[in-house]
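Participant: Build me a model:
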Amino acid sequence: IIVANGTYTESVDVGMAAGNITIRAANIGMATVNGGTAPAFFASGHIGDITIVGFELRSTLNQSDGGVINVTNLTGWLTVRNNTFSTGSQFFTIGINHITNAAGVSTQTTILDNSFGAFENHDFIHIDAGENGVGGDADILVDGNTNTSVIENDAVFIGLESSNTTAIVVVTNNTFGGWA
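Facilitator: Residues are numbered from 1 along each chain as shown. Okay, here's the model as predicted:
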């Protein structure tokens, strides 16, 4: 799905599509998705890969366990690339939140080249692989991400539980600063 330039005030359930889905801005940074008081993009229990590329993202969601991008129990890869979490708004939730807490579901996440604005007491990237001791393997890459404003919590949080048989985690080439 290619999204034209413009501002879209909606919370997009990318899990509604069947199978693999790629949603990309026609021109990087020229399509804004403002989730309002909900995530900009979300999915729960989706089977297939989800790729989100090139958006400016906004949300006034005030929820410690939510996220501007909020994905739970995805059976497939989550790829988030070249998005800007706008510095024009203060975030009161997690930037990218990927949680796996279903038996046998692996956490497969690639987060590349995103820019994060101001986050109030929340992580830019939060990945919980096998939350509460339930889940499958973990394959995680976080590379080339930056921030443009203050951060008051973790830039990257990755939780691995005892249920992970195999965990491959690479966090590299990220440039974060401005802890308050």
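
Participant: What score does the most centrally placed residue in the chain have for pLDDT?
Facilitator: Nearest to the geometric centre of the chain sits Ile96, at 2.4 Å (CA atoms, centre = their mean). Turning to Ile96, the model gives it a pLDDT of 94.

Participant: Return the distance of Leu74 relative to Ala31.
Facilitator: Using CB to CB, to the nearest Å, Leu74 is found at 23 Å from Ala31. Any C-beta I mention is one placed from the backbone N, CA and C, and that applies to glycine too.

Participant: Compare the two (neighbour count), which wins?
Facilitator: Leu74 (26 against 21; other CB atoms under 10 Å).

Participant: show me what contacts that one?
Facilitator: Gly15, Ala43, Gly45, His46, Ile50, His98, Thr100, Val105, Gln108 (CB atoms under 8 Å, 6 or more residues apart in numbering).

Participant: Could I get the contacting residues of the first one?
Facilitator: Shown in contact with Gly15 (CB under 8 Å, 6+ apart): Phe42, Ala43, Ser44, Gly45, His46, Ile50, Val71, Leu74.

Participant: Any chance of the backbone angles for the closest residue in space to the fifth one that isn't next to it in sequence?
Facilitator: Distances taken as CB to CB, 6 or more residues apart in numbering place Gly15 nearest to His46, at 3.7 Å, with adjacent residues excluded. Main-chain dihedrals, Gly15, degrees, to the nearest 10: phi -80, psi -10.

Participant: Which strands and helices lie in contact with the helix or strand of the chain with the lowest mean pLDDT?
Facilitator: Sorting the helices and strands of the chain by mean pLDDT, DSSP states H and E puts strand 62-63 at the bottom, at a mean of 77. With contacts defined as 3 or more CB pairs under 8 Å, 6 or more residues apart in numbering; DSSP states H and E, strand 62-63 has these neighbours: strand 92-93.

Participant: gap between the strand it packs on and the chain center?
Facilitator: 13 Å (CA atoms, centre = their mean, to the nearest Å).

Participant: gap between the two ends of stretch 20-33?
Facilitator: In stretch 20-33, first residue to last residue: 20 Å (CA to CA, to the nearest Å).

Participant: Next, the buried residues of that stretch.
Facilitator: Ile21, Ile23, Arg24, Ala25, Ile28, Ala31, Thr32, Val33 (16 or more other CB atoms under 10 Å).

Participant: Thanks a lot, catch you later.
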